[in-house]
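S.K.: this one's sequence-less:
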């Protein structure tokens, strides 16, 4: 593990994003990367500055929970608060006043996964094949013209936690049936389980799986190539470049 920088200006921030003449520039501490790296994305309707951080205190978890509750409630779903557990981390993109996006990453340890309750046979089948499982839950994004870019950044960092730090091989996610095609076309998910009613949100759900080696290959191939997002139906070009990913990976190890 890398030592914590003595003069870290944002001791718990993964990426600090600022707008500079219409371009978002994502910065890391000097101990990790000597210079800023530019995501080269124009955000007209997002704040001039926001941070992607771990929701590792009550204030940030409250902001993330409020966004999840608001976005789920708009669709008529229910959602409990985000709680701190040893088998889960939560990421939040936020400015000084509000959450812009959040996602939680759950790891398959002693308590298992939330997907076990609705899809026990499907999850057990993957374990029997030797898969190292994780799941993404409580994903919520504030709507806006460029919300997909914020989602792509957050998803990429969640992927780094899952794949590169925790060595997971398969990602599970339970989504509303109306969102299945988006996850299939934009990220390469495949259906694993049939539609069922999820009691946690009191709404129908479908279990999807993503081979994280596919995610790894796509990010290496098109990550950071934003212009490609207009030509292919994929979120991966809106993610970070391989060089940017290396800097973020080092930052996550530094944070511990």
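M.R.: Right, received. Where do you want to start? If you're wondering where the values come from, they're calculated on a predicted model, not measured in any experiment. Numbering: from 1, shown residues only.

S.K.: and the helices in the stretch 101-250 of the chain, which stretches?
M.R.: 115-118, 120-128, 147-159, 180-187, 212-222, 242-255 (DSSP state H, counting those that start in this stretch).

S.K.: wait, which of those is closest to residue 174?
M.R.: Proximity to residue 174 (C-beta to C-beta) singles out helix 115-118 among the helices of the stretch 101-250 of the chain, at 6.0 Å. For every residue, glycine as well, the C-beta is placed using N, CA and C.

S.K.: tell me which residues in that closest one are buried?
M.R.: For helix 115-118, burial by neighbour count (16 or more other C-beta atoms under 10 Å) applies to 115-116, 118.

S.K.: now do stretch 249-256
M.R.: So, applying 16+ other C-beta under 10 Å, buried residues of stretch 249-256: 249-252, 254-255.

S.K.: swap in stretch 204-213?
M.R.: Here stretch 204-213 shows 205-210, 212 as buried, counting by 16+ other C-beta under 10 Å.

S.K.: from these, pick the one nearest residue 190.
M.R.: Checking these against residue 190 with C-beta to C-beta, the nearest one is residue 209 at 5.6 Å.

S.K.: how about that closest one, what does it touch?
M.R.: If you count contacts by C-beta atoms under 8 Å, 6 or more residues apart in numbering, residue 209 has them with 126, 170-172, 189-192.

S.K.: just the buried ones out of these, please.
M.R.: By neighbour count, with 16+ other C-beta under 10 Å, these hold 126, 170-172, 189, 192 as buried.

S.K.: of the residues you listed, which pair is most distant in space?
M.R.: The largest separation in the buried ones among the contacts of residue 209, counting by C-beta to C-beta, is between 126 and 189 at 13.9 Å.
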